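**Student:** my questions concern the predicted model and sequence given below.
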Amino acid sequence: MQITLVQGLLMLLVGFICSIDQQTEAFYWFRPMVASFFTGIVLGNAELGAECGAVAELAYLGMTNVGGTVPPDPLFAGIMTVVLAYTTGQTPEAALGLSYPFALLAQALGIMFKTVYSFVPHKLDGYAKEGNVKAFNGLIIGVTILESAVTAVVIFLCVYALQSPIQAFVNSFPVWVTHGFAIAGGVLPAVGLAMLLLTTLKSETYPYLFIGFILETILANIVTADGNAVFATVMPVAIIGTCLAAINYMYEKRIDQAIALAGSGSNGGDSDGI
Amino acid sequence: MASSDEEIKKTPETSGKLSSADITKLGLNSLFEQVAFSFERMQAPGWTMNMIPAFKKIYGEDDKKDLEEFMTYNMEFINTEPHMATVLQSIVISMEEQHQDRDLIKGVRNGLFGPLAGLGDSIFWFTVLPITAAISCSLASSGSILGPIIFILVYLAVGFSRIPFAHLGYNIGSKALTSIGENTKYLTKAAAILGTTVVGALIPSYVTVAFSDALVFGVDGSSTVQSVFNHILPSLLPLAVVFLIYALFKKKHANVFYIILGIILISILMSFLGWM
């Protein structure tokens, strides 16, 4: 299906707002779940937006800005997964695989801004020394709006202006290629999860990974007589995880207190006894 | 010159008091803590900008000298998790209000942003996000718009939690810094446990790796390869793929670009061979 100029312009607006949010990380509207949903609304198919958002969100789960890094861009992935599914009729999984070049393009754009903007603090140092709050705030707000505006224009180009060549390109693929992208779409969440594990997985948290894995494997296979899952979300596992975390918190604290007490006691004992 | 300045600063008449509304405003301002981010100074511009209104309330509009000093030392490098930045900003403001020594304030600022980033990341990126994503994705994957709506509502609450965080930091002031330090350790660990449990649960539900039913073995070709894996452990392949990618990141420091490219290429190959 085609995207109209009005829809393209609305996407310009969505892109601008979500890009501001991406810079501030205020409300997480740059996450694929939200960006896809907004894109779905603009395209008149909110359900498709939700479906694509689910697929893309999980693939980009570990792509965080932690430590000031810039990952492949979740905002572009969210928007382009819906757009590609909508215009080319591919499944959300295949569209996610196809959206990857756009996520890389936006990543490059983000890195460019964060590198070029290294001049900003030097200008701000000058304003700080003069106590010039007006110029100080003005420059900060200016560069923020500029970055969002450029991002929004790039989104407009990807979504509207280039839709015909992109469509023609995708449609020229043989079936085994698009099916390959669909397989990749199913595997990509593993990247997001593996990246999350890089920070949370340590020797002492390994058991919890398997507890969660086995619990969900069991729960997901509990179905009612008519084949519906009894536990439709991972909420039960999240609750059990919270309990495990709380138990660990209390016990570790108590053990450390006991060690501290025992330490002071045994010091006395040592000097007395031996 | 220093001593006479000090004298004036410490008199109660010249020091403005911040109201509860001022702290709430500081919390709201800190929604923009990360603007004008650059690799050189990272969050310093937004961090400084957010605190200026509260600082002016303490020192008055006319105190240029203190404002210059305040803006200059806050323009030093800083990078922390945005919600924790709110806590730290209000600690800094609270210490400024008490007219603590600026070297002490700087020490608190520069000493705490790292540990707080670790705590904030483990809470917000590695616990809140996976759980919220898991719940909203399980609804959204069947096309229910309730999924994204829940996600948006949760993150509205998370975004505005900066207001209580600002009050928390202000009340802590410089007093209880040691107690934050102590509890950080336990909280970070607890958050890691919850996050890991949820990630474990996400593997079977969201990673799809399965061989095609057309891929069979045996003399009569009666067993599919996938059925063997299912007999060992359902979702064994997704688990194995996650660990493989994890190992590539951890041991080989693989670039995410090549991992994703590799997945796409192998998937297309699998599709071409008709194995998946």
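**Tutor:** Ah, there it is.
**Student:** report the contact partners of A:Gln22.
**Tutor:** A:29-30, A:75, A:151 (CB atoms under 8 Å, 6 or more residues apart in numbering or on different chains). Placement of C-beta: from N, CA and C, glycine included.
**Student:** now for the host helix or strand of A:Ala106, which elements pack on it?
**Tutor:** Using DSSP states H and E, A:Ala106 sits in helix A:92-116. With contacts taken as 3 or more CB pairs under 8 Å, 6 or more residues apart in numbering or on different chains; DSSP states H and E, helix A:92-116 sits against helix A:46-59, helix A:74-88, helix A:133-156, helix A:175-187, helix B:256-273.
**Student:** do you know the pLDDT at residue 157?
**Tutor:** By default, I'm working from chain A. Per-residue pLDDT puts A:Leu157 at 94.
**Student:** chain B, not that one
**Tutor:** The model's pLDDT for B:Ala157 equals 97.
**Student:** so where's the chain shaky on pLDDT?
**Tutor:** Using chain A here. Counting by pLDDT under 70, chain A contains low-confidence ranges at A:65-69, A:232, A:264-274.
**Student:** not quite, I wanted chain B
**Tutor:** In chain B, residues with pLDDT under 70: B:1-16, B:174-182, B:219, B:221.
**Student:** would you map the helices across it?
**Tutor:** B:2-10, B:20-29, B:44-59, B:64-74, B:82-97, B:102-120, B:129-140, B:146-160, B:162-172, B:177-206, B:225-232, B:236-252, B:256-273 (DSSP state H).
**Student:** which of those sits closest to A:Asn137?
**Tutor:** helix B:44-59 (5.6 Å; CB to CB).
**Student:** show me how far the closest one is from its chain's centre.
**Tutor:** 22 Å (CA atoms, centre = their mean, to the nearest Å).
**Student:** does anything pack onto that helix? Which helices or strands?
**Tutor:** Using 3+ CB pairs under 8 Å, 6+ apart: helix B:44-59 touches helix A:119-130, helix A:133-156, helix B:20-29, helix B:64-74, helix B:82-97.
**Student:** and the last one, how far out from the chain's middle?
**Tutor:** Spelled out, that is helix B:82-97. 17 Å.
**Student:** and for the second one?
**Tutor:** The chain centre lies 22 Å from the centre of helix A:133-156; the measure is CA atoms, centre = their mean.
**Student:** quick check, the helix or strand following it touching chain B?
**Tutor:** Going down the chain from helix A:133-156, the next helix or strand is helix A:163-171, by DSSP H and E. No: contact of helix A:163-171 with chain B is not found when judged by CB under 8 Å from any CB of the partner chain; the minimum separation is 13.8 Å.
**Student:** could you list the buried residues of helix A:163-171?
**Tutor:** Residues of helix A:163-171 classed as buried by neighbour count (16 or more other CB atoms under 10 Å in any protein chain shown): A:163, A:166-167, A:170.
**Student:** quick one: which of these is nearest chain B?
**Tutor:** A:Val170 (13.8 Å; CB to the nearest CB).
**Student:** if you drop the residues flanking it in sequence, what lies closest to the closest one?
**Tutor:** A:Thr88 (4.5 Å; CB to CB, 6 or more residues apart in numbering or on different chains).
**Student:** was I right about the one you found contacting A:Ser99?
**Tutor:** No: counting by CB atoms under 8 Å, A:Thr88 stays clear of A:Ser99, with 11.1 Å between them.
**Student:** these two: who's more crowded?
**Tutor:** Per other CB atoms under 10 Å in any protein chain shown, whichever of A:Thr88 and A:Ser99 has more neighbours is A:Ser99, with 30 against 20.
**Student:** list the contacts of that one.
**Tutor:** A:56, A:76-77, A:80-81, A:84.
**Student:** next one: B:Gly159
**Tutor:** By CB under 8 Å, 6+ apart, the neighbours of B:Gly159 are A:26-28, B:31.
**Student:** same question, A:Tyr249
**Tutor:** Contacts of A:Tyr249 (CB under 8 Å, 6+ apart): B:186-187, B:189-190.
**Student:** which helix or which strand is home to it?
**Tutor:** helix A:235-273.
**Student:** how about the helix holding A:Ala106: buried residues?
**Tutor:** For helix A:92-116, by 16+ other CB under 10 Å, it's A:92-100, A:102-107, A:109-110, A:113-114.
**Student:** so which of the contacts of A:Tyr249 wins on neighbours?
**Tutor:** B:Ala190 (24 neighbours).
**Student:** contacting residues for that one?
**Tutor:** Applying CB under 8 Å, 6+ apart, the residues near B:Ala190 are A:245-246, A:248-249.
**Student:** would you point out the most distant pair within the residues you listed?
**Tutor:** Farthest apart among the contacts of B:Ala190 - using CB to CB - are A:Ala246 and A:Asn248, which lie 7.3 Å from each other.
**Student:** among these two, which residue is more densely surrounded?
**Tutor:** Neighbour comparison, A:Ala246 and A:Asn248: the larger count goes to A:Asn248, with 19 against 13 (by other CB under 10 Å).
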